[in-house]
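Participant: Pasted the sequence and its predicted model underneath.
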Amino acid sequence: MTEIPGSLTAASPFGGQDRAWAAKARAAAAAFWVRAFFMAAEHAPGAVTAARGALCRGAFRCSSSLRRGTRANARRMLGPAASPRQVDALGRRILSSFYLACCDIGRSFSASREQLFARVEAIEGDEHYQAARAAGKGLIVVTAHMGSFEVGMAALRDRERAKIHVVFRRDPFERFERLRSGLRRRLGVEEAPVDDGWTVWMRLRDALLADEVIVLQGDRVMPGQKGEPVPFLGGTIRLPAGLGIQVALDVVLIILAVMAGRVIPMFTNNGVTGANATRRPHVERWALGLLLALLAADALALEGTPLSIVALAACGVHALRWWLWQPWKTRQVPLVWVLHVAYLWVPIHLALSALAGLGLAAPSAAAHALTVGAVGGLIIGMMTRTARGHTARPLRADRYDTACYVLVLLAAVVRVALPLVAPAQTLAAVLCSAALWSAGFGLYAIRYWPILSRPRLDGRPG
């Protein structure tokens, strides 16, 4: 990487034209040095490796953008207590490591499959790979963005007889892309560039149906794409979060909000004397309008502050909506309070979504607040109510119903809260939450099977 001297970006009578020229000059210089570097790494790898110290020191000293990037990474790893000297020292080591990785890529361009495979020192976990292949349903191999991808491809090609497809995005530097494409051809790997649009995904679908292998790097979050931090080697990496899943959850949230806004106030007023649960038109309009805005933001893959502002505004409106339903007056009526507690998870979901947009919480916490808490709680509450109503039984929850409510809602608390306060216990939280959820719905099945499989108490149909 290189920087054009500051005089090119100084103010001038030509204004924007001068800045545009400077930007083009920087891009051209960067392209030149990248081409030169990979050519040297391919044909004279020893010399390039020997020059590492001088080149890395010069690049760190001359490039402000490179210093900002490496310092940000170093500060994230060392924590806020690290001194500037410690941050710079780690930043230089990060740059040096990246330099060696680039050398390795350049050296791979002229290597044969056998030469690449000879670099592999050990392979662990092969039995898991073979067990997955034995299913005969194709395989998707997701890798972390570390080490030499091409060496890994050589190792995989050595033990795989079916076609291997690598999913990637074309690099803007054409020479690098041509060299990389040529290396993959020598390895016998089929390219699947996402730049080619939906036809690529159709080909990949056909590849899985033909029991072939698809390889992609799963920790590279692209600009504008949502990512979820997960623990990795003592730190975290950001894995891409599925846009389609998030949009689908938003649609579920909107349906849930519409349904709850109609039935919860009605059931509250019918089941609790003097509850006076109210619906205010302007609150209802804002509640649903902000959810539609959140759906649009997620569909456009917005993240960061803009997404958080929308989610936080929706959180406030839905918390007000819930409060207007007088939830505290339902404490003695389990058949009603379960609906209020379940809906409380909606503003919690929106608050966690706002925090996730700022990188302060994992998106999975927000997703499970909605699915386990709001959806699960409303489902178990409505199932018991409708089962009683349609079998001519009193609309009054017994101790079994209350136990179902507590188990399902406790599952939401464990799944959402425990990973937030103790990330190392995430697996335990998942297992405990699953057990509680299953116990709640399992108890419902045991309790209501004899009721739902027999005629109504009053003998009327259905």
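Facilitator: Structure's in. What do you need?
Participant: where in the stretch 1-150 of the chain is pLDDT low?
Facilitator: Scanning the stretch 1-150 of the chain for pLDDT under 70 picks out the ranges 1-19, 144-148.
Participant: Try it again at 90.
Facilitator: Along the stretch 1-150 of the chain, the parts satisfying pLDDT under 90 run over 1-82, 84, 87, 91, 94-150.
Participant: if you go through the stretch 51-200 of the chain in chain order, where are the helices?
Facilitator: All helices of the stretch 51-200 of the chain, identified by DSSP state H, counting those that start in this stretch, fall at 52-62, 64-78, 84-108, 113-117, 126-133, 149-159, 174-187, 198-209.
Participant: separation between the closest residue in space to residue 106 that isn't next to it in sequence and residue 103?
Facilitator: Leaving aside its chain neighbours, residue 106 sits nearest to residue 41 (2.5 Å; criterion: Cβ to Cβ, 6 or more residues apart in numbering). All C-beta atoms are positioned from the backbone trio N, CA, C, and that covers glycine. Distance from residue 41 to residue 103, counting by Cβ to Cβ, to the nearest Å: 5 Å.
Participant: The helices of the stretch 51-200 of the chain into a markdown table, with extra columns for distance to residue 358 and mean neighbour count?
Facilitator: Shown next, in a markdown table, are the helices of the stretch 51-200 of the chain (distance: least, Cβ to Cβ, whole Å; neighbours: other Cβ atoms under 10 Å):
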| stretch | distance to residue 358 | mean neighbour count |
| --- | --- | --- |
| helix 52-62 | 30 | 14 |
| helix 64-78 | 15 | 15 |
| helix 84-108 | 23 | 17 |
| helix 113-117 | 42 | 16 |
| helix 126-133 | 36 | 12 |
| helix 149-159 | 32 | 18 |
| helix 174-187 | 35 | 16 |
| helix 198-209 | 32 | 13 |
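Participant: possible to save these as JSON lines with distance to residue 426?
Facilitator: Formatted as JSON lines, the helices of the stretch 51-200 of the chain follow (distance: least, Cβ to Cβ, whole Å):
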{"stretch": "helix 52-62", "distance to residue 426": "37"}
{"stretch": "helix 64-78", "distance to residue 426": "20"}
{"stretch": "helix 84-108", "distance to residue 426": "28"}
{"stretch": "helix 113-117", "distance to residue 426": "36"}
{"stretch": "helix 126-133", "distance to residue 426": "21"}
{"stretch": "helix 149-159", "distance to residue 426": "27"}
{"stretch": "helix 174-187", "distance to residue 426": "36"}
{"stretch": "helix 198-209", "distance to residue 426": "29"}
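Participant: For residue 281, which of those helices is the nearest?
Facilitator: Set against residue 281 and scored by Cβ to Cβ, those come closest in helix 198-209, at 42.5 Å.
Participant: elements contacting the closest one?
Facilitator: Packing contacts for helix 198-209, counted by 3 or more Cβ pairs under 8 Å, 6 or more residues apart in numbering; DSSP states H and E, involve strand 164-168, strand 190-193, strand 213-217.
Participant: Could you rerun that using 10 Å?
Facilitator: strand 139-143, strand 164-168, strand 190-193, strand 213-217 (3 or more Cβ pairs under 10 Å, 6 or more residues apart in numbering; DSSP states H and E).
Participant: Go through these and name the closest to residue 324.
Facilitator: Checking the helices and strands packed on helix 198-209 against residue 324 by Cβ to Cβ gives strand 139-143 as the closest, at 45.9 Å.
Participant: returning to what we had before: residues of the helix or strand where the residue nearest to residue 106 lies that come out buried?
Facilitator: Under the criterion of DSSP states H and E, residue 41 resides in helix 16-43. Across helix 16-43, burial judged by 16 or more other Cβ atoms under 10 Å covers 22, 26, 34, 37-38, 41-42.
Participant: swap in stretch 367-379?
Facilitator: 367-378.
Participant: And it, how far out from the chain middle?
Facilitator: Counting by Cα atoms, centre = their mean, to the nearest Å, stretch 367-379 is centred 19 Å from the centre of its parent chain.
Participant: Which residue ranges of the stretch 301-450 of the chain form helices?
Facilitator: Per DSSP H, counting those that start in this stretch, the stretch 301-450 of the chain has helices spanning 305-324, 334-357, 363-368, 376-389, 399-421, 426-452. These are given in chain order.
Participant: Contacts only, for residue 69.
Facilitator: Counting by Cβ atoms under 10 Å, 6 or more residues apart in numbering, residue 69 touches 1, 63, 91, 94-95, 98.
Participant: Closest one to residue 387 out of those residues, please.
Facilitator: Using Cβ to Cβ, the shortest approach to residue 387 within the contacts of residue 69 belongs to residue 94, at 60.0 Å.
Participant: Pull up the gap between the closest one and residue 73, please.
Facilitator: As judged by Cβ to Cβ, residue 94 and residue 73 stand 6 Å apart.
Participant: hmm, back to that, what's the closest of the helices and strands packed on helix 198-209 to residue 362?
Facilitator: Evaluated with Cβ to Cβ, these place strand 139-143 nearest to residue 362, the distance being 18.5 Å.
Participant: Show me what that closest one is packed up against.
Facilitator: Using 3+ Cβ pairs under 10 Å, 6+ apart: strand 139-143 touches helix 126-133, helix 149-159, strand 164-168, helix 198-209, strand 213-217.
Participant: what comes into contact with the first one?
Facilitator: It refers to helix 126-133. By Cβ under 10 Å, 6+ apart, helix 126-133 touches 123, 138-141, 155-156, 159-160, 162, 211, 213.
Participant: Mind doing that once more with 8 Å?
Facilitator: By Cβ atoms under 8 Å, 6 or more residues apart in numbering, the surrounding residues in contact with helix 126-133 are 139, 141, 159.
Participant: Equivalent analysis for the longest one, please.
Facilitator: Defining contact as Cβ under 8 Å, 6+ apart, one finds that helix 198-209 is touched by 137-140, 163, 165, 167, 190, 192-194, 213-214.
Participant: now with 7 Å?
Facilitator: 138, 163, 165, 192-194, 214 (Cβ atoms under 7 Å, 6 or more residues apart in numbering).
Participant: ChimeraX command to pick out the buried ones of these?
Facilitator: Only the buried entries of the contacts of helix 198-209 go into this ChimeraX selection, using 16+ other Cβ under 10 Å:
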select :138,165,192,214
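Participant: Output the contacts of helix 198-209 in JSON lines, with distance to residue 180 appended to each entry.
Facilitator: Formatted as JSON lines, the contacts of helix 198-209 follow (distance: Cβ to Cβ, whole Å):
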{"residue": "138", "distance to residue 180": "24"}
{"residue": "163", "distance to residue 180": "19"}
{"residue": "165", "distance to residue 180": "15"}
{"residue": "192", "distance to residue 180": "14"}
{"residue": "193", "distance to residue 180": "11"}
{"residue": "194", "distance to residue 180": "15"}
{"residue": "214", "distance to residue 180": "18"}
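Participant: Perfect, that will be all.
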